[in-house]
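Trainee: any chance you can model this:
(one chain, ligands or ions: 2)
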Amino acid sequence: MSPAPRPAVSVVAPCYNEQDALPEFLRRVGAVLDGISGSSEIVLVDDGSRDRTWPVLAAAAGRDPRIVAVRLMRNHGHQLALTAGLSVCRGERILIIDADLQDPPELLPDMMVLMDQGADVVYGQRRQREGESLFKRATAAAFYRLIARLTDVQIPADAGDFRLVTRRVLDLLLAMPERHRFIRGMVAWIGGRQVPLVYDRHARVAGESKYPIAKMVRFAADAITSFSVVPLMASMTIGWIMAALGFGFFVYSIVGWWGGHTLPGWTSLMAAVGLLGGMQFLMLGIIGAYLGRLYDQSKGRPLFMIRDIVGGGGGGPQ
Ligand code: UDP
Ligand code: MG
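Mentor: Ligands and ions are numbered 1, 2, ... in the order given. Predicted coordinates for the structure are as follows:
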């Protein structure tokens, strides 16, 4: 049996507790796809939601043959849920988008035009972020600047995962086996012609952000450790500085001893011990962050586990 022809476009969105956002999402994405020439599919991944996301998705897949609903065994997190959807989708071009409509699907036609002109990746670049706290915007800005300093890969600032990629780029992305995925960085690393499309980011249509501060910190740590070894090298730099200071202190104390005016010196001793102890723990922590990820990777477990696939002409490729 020859494989079915690929749809022209796949829209892929991870969904975690998005029951309230989904009807509007499906309506707007459906309308956009109606205006695109060629066939299309919408791959929605339920990332172990605890609300009614799965029934909503499964029902939608029953109504509309374009919709493929994928359910994961449990919550895997945004980047892995997205990876699951990307591995299931079959389109020639793939639109990565969040289910909360913060990024407008209506940009797809413009992205298609840029891709017709030869882009391999068209990524949305945020001009403005509505409905997001000052804290979120400030931490996001600091994060993008920090990562730019720490790595040679040109990861565009103020761009999320919202982007249109070619099948070629997607296959290269899926060939990367890393567990701690920072997808926008991995796509940037692939290279080719990557073109920005500036847009305004809106507030969520429903529900609240699924990125509490702890997840944001973990995401930032994954991004930094997968794209830079500068923190690992920092211990070397700090070690040199500490060694130089230590040598100075050593000379100073010998000279003091020689001159016969040594004091009990409790304060300086405690200061040195405290400072060095803190530094050592910090450096051990940094090494641990890399080692832990290496350990995770070495186990070679699957990146995600699929429980069900509904719709899309039955079965799907998995
Ligand atoms: N998401 C997910 N699994 C998670 C957390 C989030 O699949 O564990 C999805 C979520 O449903 C949304 C997207 O990832 O479609 C982005 O999440 P969110 O909008 O909460 O992040 P923010 O836009 O606030 O950074
Ligand atoms: Mg969002």
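
Trainee: which positions within the lengthiest helix in the chain qualify as buried?
Mentor: Scanning the chain for the helix with the most residues, using DSSP state H, yields helix 266-299. By neighbour count with 16 or more other CB atoms under 10 Å, helix 266-299 contains the buried residues 283, 286, 289, 293. The way it works is simple: take the backbone N, C-alpha and C, and place the C-beta from them, glycine included.

Trainee: list just the nearest of the residues you listed to ligand 1.
Mentor: Nearest to ligand 1 among these, counting by CB to the nearest ligand atom, is Arg293 at 18.6 Å.

Trainee: what's the distance between the residue with the largest distance to the centre of the chain and ligand 2?
Mentor: Here the chain reaches farthest from its C-alpha mean at Gly260, the gap being 61.1 Å by CA atoms, centre = their mean. If you measure Gly260 against ligand 2 using CB to the ion, to the nearest Å, the figure is 69 Å.

Trainee: same deal with Arg201?
Mentor: On the measure of CB to the ion, Arg201 and ligand 2 end up 9 Å apart.

Trainee: can you check Glu178 too?
Mentor: Distance from Glu178 to ligand 2, counting by CB to the ion: 24 Å.

Trainee: hmm, Gln297 and that residue touching each other?
Mentor: Yes. When contacts are counted by CB atoms under 8 Å, Glu178 is listed as touching Gln297 (6.6 Å).

Trainee: ok, Met242 - contacts?
Mentor: By CB atoms under 8 Å, 6 or more residues apart in numbering, Met242 lies in contact with 276, 279.

Trainee: could you shift the numbering so residue one becomes 691, and keep it that way?
Mentor: Sounds good: first residue 691 from here, last item Met932.

Trainee: ok, and the closest non-adjacent residue to Ser918?
Mentor: With CB to CB, 6 or more residues apart in numbering as the criterion, Ser918 has its nearest non-adjacent residue at 3.9 Å, and that residue is Leu840.

Trainee: that neighbour: neighbour count?
Mentor: Leu840 has 17 neighbours, counted by other CB atoms under 10 Å.

Trainee: give me phi/psi at it?
Mentor: Leu840 adopts backbone torsions of phi -90, psi -20, taken as degrees, to the nearest 10.

Trainee: pretty sure it contacts Ile914?
Mentor: Yes. The criterion here is CB under 8 Å, and Leu840 meets it with Ile914 at 6.0 Å.

Trainee: overlap of the contact sets of the two?
Mentor: Contacts common to Leu840 and Ile914, judged by CB under 8 Å, 6+ apart, are Pro921.
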